[in-house]
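Undergrad: compute the structure for the input listed below.
(chains A and B)
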Amino acid sequence: MAPPLHPAHLIARVNREVERSLLRARNGLRYVAGTHRPKLGATPKDVVWRRGRAQLWRYRRGPAVRYAPPVVIVHSLVSRSYILDLRPGSSMVEYLVNAGLDVFMLDWGVPDELDADNGLATYVDGYLPRALAAVRRETGCRDVTLAGYCLGGLMAALYAAGRDDAAVRNLVLMATPIDFDEMGSMVAALREGRLSADDLIDTTGNVPAEALYSGFYMLAPTTEIAQKATLLENLWNDQFVEGFLAMNQWARDQVPFPGAAFRQTVQVLIRDNALMRGVIPFGRGEVRLADISVPYLNVFAEQDGIVPSAASEPITDLVGSEDATDLRLQSGHVGFVAGRQAAKVARPQIADWIRRHSDEL
Amino acid sequence: MSGGRPLWLRAVLRLERAIGEPIEAATRSDAYFDVVAHATRAHARTIGAAEEISRRCLHLLNLPAGTDVRRVREQLARMERRMAALSDEIADLEHGRDAAAG
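TA: Residues are numbered from 1 along each chain as shown, chains lettered A, B, ... in the order given. Here you go, the predicted model:
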């Protein structure tokens, strides 16, 4: 039997509930009205290079830069890069900058029909080397720590493996799909030919953002109910509401997948599962993951529903690096770049690994 | 973990899982993707047919259709990409010449 409640405790509890109800009402009105949207991607930055829709940002250094080489993050082709700089206090970029690193982000922008012919090589062999040349001009450093998130990790790995002049000191892959046989049912439907690439490509020549969103949404269509109920319970908490809105906005904010890159992904990466064979027909030749010999960190998440850990894990056995580290996290696809697990484990450990593999200035 | 959650929230979360698990099993099944494939192909055929009709009507009036504009944009994009490739080649050549001179 529960102990009797002291009157003072009862009054305090009633007061707290009244206060929370008022806050819930206020935040509920703001939520419905759509005002007070959180500011996303707020870490100050400058555009230092651009080509087509791609932009290279350099984040302004608050405290002095204490480590070299600079860190260049290559973002995915199908999502918005602000997931890595979600909001102050919940930002991978902000953390790395505050850790004394010189951070750049390669953002691919939002493709339209003008980009429908862009294959993976357009990005890996066309844009990426030029963006890295811009980093060299900006910093005077010859090499970089190259980090990639999701498909961006795949592009970073293809770049590091495929070029003798890559000038990559360290490679960090985050939630990067390698074994496409482990990528879940939608990818299986593409692999088995029940869905073809052309079924998903629209008249613009690209896979529309809505198709990508509905593909991810249908993986767990009812979780929105649980999310909304949890929001209702925590509606009094400004921090929670802000985090919820930020993550919710990002999850709905997909970008189209350029058609040629998508066809290549389906044929080479999904149907042939070429990455797992270690030899990828790419550009004008072949790329071998075993040619990656630089220190390498593979970060993947146990509860990732988009890129399951079984799809990310095998790359460590395929690269030729002697210094290869796995960082396994207990979170989901975005839970390790934003959220509690990210703050406690992912951000500190990733920053620490990069610092240990950098020169102190 | 769930100790701090009120009873109503725990009930909603349990209900969501009870409904969600069979739905997720269905949306990850072969049959679902067969339906998606048929639906997207039917949708594309319908859009294609509608565009064909509207294009013919607009061409009768000597007006450009959306598909014409799209084709022109694609050609422009190819030209833009070719120009970018050429300017890269020139930059690389200049870089090589400077390196040889320096």
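
Undergrad: all contacts plus neighbour counts: C-alpha atoms, from now on.
TA: OK.

Undergrad: now the spatially most central residue of chain B, nearest residue through space, not along the chain?
TA: The centroid of chain B falls nearest to B:Thr40 when counting by Cα atoms, centre = their mean (12.8 Å). In space, and not counting its chain neighbours, B:Thr40 is closest to A:Asp199: 6.2 Å by Cα to Cα, 6 or more residues apart in numbering or on different chains.

Undergrad: shouldn't the one you found be within a helix?
TA: Yes. Counting by DSSP: H, G, I helix; E, B strand; the rest coil, A:Asp199 is part of a helix.

Undergrad: near chain B, which residues of chain A are found?
TA: Contact residues (Cα under 8 Å from any Cα of the partner chain) of chain A with chain B: A:113-115, A:185-186, A:189, A:194-195, A:199-200, A:202, A:204, A:218-223, A:225-226, A:229-230, A:233.

Undergrad: show me which of those are buried.
TA: Buried subset of those (neighbour count, 16 or more other Cα atoms under 10 Å in any protein chain shown): A:113-115, A:185-186, A:189, A:194-195, A:199-200, A:204, A:218-223, A:225-226, A:229-230, A:233.

Undergrad: what about these, which are in helices?
TA: Residues from those lying in helices, with DSSP state H as the criterion: A:185-186, A:189, A:199-200, A:223, A:225-226, A:229-230, A:233.

Undergrad: wait, the residue nearest to the centre of chain B touches A:Leu200, no?
TA: Yes. Using Cα atoms under 8 Å, B:Thr40 is in contact with A:Leu200, at 7.4 Å.

Undergrad: how about the lengthiest helix in chain B, does it get close to chain A?
TA: Ranked by residue count and defined by DSSP H, the top helix of chain B is helix B:66-101. Yes. Using Cα under 8 Å from any Cα, helix B:66-101 reaches chain A at B:70, B:73-74, B:76-78.

Undergrad: among those residues, who's most crowded?
TA: In terms of neighbours by other Cα atoms under 10 Å in any protein chain shown, those top out with B:Glu74 at 19 neighbours.

Undergrad: all strands of chain A, in order?
TA: Along chain A, the segments classed as strands by DSSP state E run A:45-51, A:54-59, A:67-68, A:71-74, A:85-87, A:90-91, A:103-107, A:144-149, A:168-174, A:279-282, A:285-288, A:296-301, A:324-329, A:359-360.

Undergrad: next one, pLDDT for residue 62 please.
TA: Going with chain A. Listed pLDDT for A:Gly62 reads 69.

Undergrad: chain B, not that one
TA: Listed pLDDT for B:Asn62 reads 94.

Undergrad: tell me how many other residues crowd it.
TA: Neighbours of B:Asn62 using other Cα under 10 Å come to 9.

Undergrad: dump stretch B:4-24 to CSV, restricted to CA.
TA: Extracted in CSV, the C-alpha atoms of stretch B:4-24 (Å, rounded to 0.1, in the frame of the first residue of the first chain):
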residue,chain,number,x,y,z
GLY,B,4,7.9,7.9,-14.7
ARG,B,5,5.3,7.6,-17.4
PRO,B,6,1.6,8.1,-16.5
LEU,B,7,-0.8,5.3,-16.9
TRP,B,8,-2.6,6.8,-19.9
LEU,B,9,0.7,7.2,-21.8
ARG,B,10,1.8,3.6,-21.1
ALA,B,11,-1.6,2.4,-22.3
VAL,B,12,-1.3,4.4,-25.6
LEU,B,13,2.2,3.2,-26.2
ARG,B,14,1.1,-0.4,-25.6
LEU,B,15,-1.9,0.0,-27.9
GLU,B,16,0.3,1.6,-30.6
ARG,B,17,2.6,-1.4,-30.5
ALA,B,18,-0.3,-3.8,-30.6
ILE,B,19,-1.6,-2.1,-33.7
GLY,B,20,1.8,-1.1,-35.2
GLU,B,21,3.5,-4.5,-35.2
PRO,B,22,1.0,-6.2,-37.6
ILE,B,23,0.9,-3.1,-39.8
GLU,B,24,4.7,-3.0,-39.9
